[in-house]
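A.B. asks: can't give you the sequence, but here's the structure:
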């Protein structure tokens with residue numbers, strides 16, 4: 001199928017002022033991401049701002065925003081000992097201006113129940129680019145795509161340099177600068193003196209690392225939306241179920257809304273995959289460690305400060321009990337991930353430095369990323385809040401889930417779900433799961 005998007009212009013954008021920042025050493029949380037794709041996240045707007053003034057504004061705003069985020073205008077560099085740094089050399093970022101005149105905002109949003117349209121993947125630069133290539137190319141690209149009745153602003157950023165917290169802080173600041181604020185709300189913090197900074201060296205294979213999953217495997221992608229009311233109903237059900245549960249679940253512990261939602265999904269996907277009861281399943285959750293390590297990192301520490309928490313259970317255990325059993329397992333692991341566990345994970349990695357094995361290697365894994373707490377809808381460039389958040393093809397495989405806040409706020413959640421076609425069909429017809437989904 002011919003592309004729906006036409007390239008109008010591309011250029012380099014440089015910081016408005018010369019950087020005085022020192023090189024930033026990649027941490028134990030950064031280095032594993034060298035084998036992952038650049039993060040691709042963007043915002044859809046249903047107002048068509050004036051072009052070309054709007055494009056000029058974004059270019060100028062991006063240049064000034066980079067003065068607050070000098071690492072993003074730099075490059076990766078490896079020293080003679082094998083340690084990898086971000087060198088803040090003002091080498092610039094890519095800016096792409098494109099148009100999809102035949103695509104409307106409605107085409108992107110579609111109706112509840114429809115899969116995410118393929119055209120969304122055209123709204124991002126650096127498609128399927130592995131983060132290690134930040135040695136040779138920009139660490140950030142911004143693509144602005146004119147639609148028939150709106151605009152999409154997409155960011156592609158090196159995952160070895162930023163996690164979701166850092167990305168959305170940059171995106172929010174970019175929008176603030178475009179609106180003309182005199183003082184940015186949340187400046188990034190660049191210190192490199194935490195437990196995550198290590199003398200360990202990650203050995204890189206010749207040619208650089210690659211992603212650890214098949215990017216061509218057939219998958220479907222869909223957004224499932226949950227209203228505040230449905231999530232509260234689910235949370236209440238999880239926390240008040242009176243049926244018998246295993247004794248290792250603390251009945252006095254309140255399970256969070258998000259853990260309840262994860263448990264609901266774990267059960268639905270496991271049911272749809274039709275495993276024998278003895279098959280071990282895995283639910284991985286990415287957690288922000290900024291507040292988990294002692295002393296705490298700054299909330300806007302720039303870089304990766306995440307770790308992956310795996311929870312294991314047989315398919316029989318996931319499905320035979322009630323939903324609280326699954327939610328309790330997830331809750332127990334998250335609560336246990338404090339300073340000692342964070343440090344133990346760092347030590348484990350130092351003993352065996354390696355890139356992060358992202359994927360669904362045994363067919364029974366679910367990987368939850370992103371967060372409904374990220375301020376994705378705060379990106380007002382001067383013509384209103386976005387109507388939707390979408391992502392590109394980066395780091396997607398059977399079982400990859402991303403959690404976004406709903407546009408309405410107030411505890412609403414959108415789950416971006418990527419599954420094998422037969423598994424997606426299974427959860428679409430799963431009564432326990434679908435009773436909480438809005439719009440169907």
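C.D. replies: Looks like it came in fine. None of the values given here were measured: they were computed from a predicted structure.
A.B. asks: make it CA atoms for all contacts and neighbour counts henceforth
C.D. replies: OK.
A.B. asks: for the stretch 201-350 of the chain, which segments count as helices?
C.D. replies: 228-240, 257-273, 315-320, 323-336, 339-351 (DSSP state H, counting those that start in this stretch).
A.B. asks: nearest to residue 435, of those?
C.D. replies: helix 228-240 (8.5 Å; Cα to Cα).
A.B. asks: the closest one relative to helix 323-336, how many degrees between them?
C.D. replies: Angle of helix 228-240 versus helix 323-336, following axes from the mean of the first three to the mean of the last three Cα atoms, to 10 degrees, is 90 degrees.
A.B. asks: that older thread, the helices of the stretch 201-350 of the chain: which one's closest to residue 204?
C.D. replies: Counting by Cα to Cα, residue 204 lies closest to helix 339-351 out of the helices of the stretch 201-350 of the chain; the figure is 14.8 Å.
A.B. asks: any idea of the pLDDT on the residue lying closest to residue 338 once chain neighbours are set aside?
C.D. replies: Once flanking residues are discounted, residue 338 sits nearest to residue 292: 5.1 Å by Cα to Cα, 6 or more residues apart in numbering. Looking at residue 292, its pLDDT is 98.
A.B. asks: ok, residue 292 - contacts?
C.D. replies: 337, 338, 339, 342 (Cα atoms under 8 Å, 6 or more residues apart in numbering).
A.B. asks: run a quick neighbour tally on the first one.
C.D. replies: For residue 337, the tally of surrounding residues (other Cα atoms under 10 Å) stands at 19.
A.B. asks: how near is it to residue 261?
C.D. replies: Counting by Cα to Cα, to the nearest Å, the separation of residue 337 from residue 261 is 19 Å.
A.B. asks: likewise the third one?
C.D. replies: Here the criterion is Cα to Cα. By it, residue 339 lies 26 Å from residue 261.
A.B. asks: look at these two and report which has more neighbours.
C.D. replies: Higher neighbour count among residue 339 and residue 261: residue 261, with 21 against 16, using other Cα under 10 Å.
A.B. asks: quick one: that one and residue 230 touch, right?
C.D. replies: No. The pair residue 261 / residue 230 is not scored as a contact, 10.2 Å apart, by Cα atoms under 8 Å.
A.B. asks: what bridges to the closest residue to residue 140 other than its chain neighbours?
C.D. replies: Nearest non-adjacent residue to residue 140, counting by Cα to Cα, 6+ apart: residue 157, 4.5 Å away. Here residue 157 sits in beta bridges with residue 39, residue 140, going by DSSP bridges.
A.B. asks: please determine how far the closest residue to residue 324 other than its chain neighbours is located from residue 101.
C.D. replies: Closest residue to residue 324 apart from its sequence neighbours, by Cα to Cα, 6+ apart: residue 238 at 5.0 Å. Look at residue 238 and residue 101: by Cα to Cα, they are 46 Å apart.
A.B. asks: which one's more surrounded, the two?
C.D. replies: Per other Cα under 10 Å, whichever of residue 238 and residue 101 has more neighbours is residue 238, with 26 against 15.
A.B. asks: pLDDT at the more buried one, what is it?
C.D. replies: Residue 238 is given a pLDDT of 95.
A.B. asks: quick one, what contacts it?
C.D. replies: Counting by Cα under 8 Å, 6+ apart, residue 238 makes contact with 255, 260, 323, 324, 327.
A.B. asks: which residue ranges form the helices in the stretch 51-200 of the chain?
C.D. replies: Counting by DSSP H, counting those that start in this stretch, the stretch 51-200 of the chain has helices at residues 53-66, 105-109, 164-179.
A.B. asks: save those as CSV, and put in mean pLDDT and mean neighbour count too.
C.D. replies: Formatted as CSV, the helices of the stretch 51-200 of the chain follow (pLDDT from 0 to 100; neighbours: other Cα atoms under 10 Å):
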stretch, mean pLDDT, mean neighbour count
helix 53-66, 97, 19
helix 105-109, 96, 16
helix 164-179, 98, 23
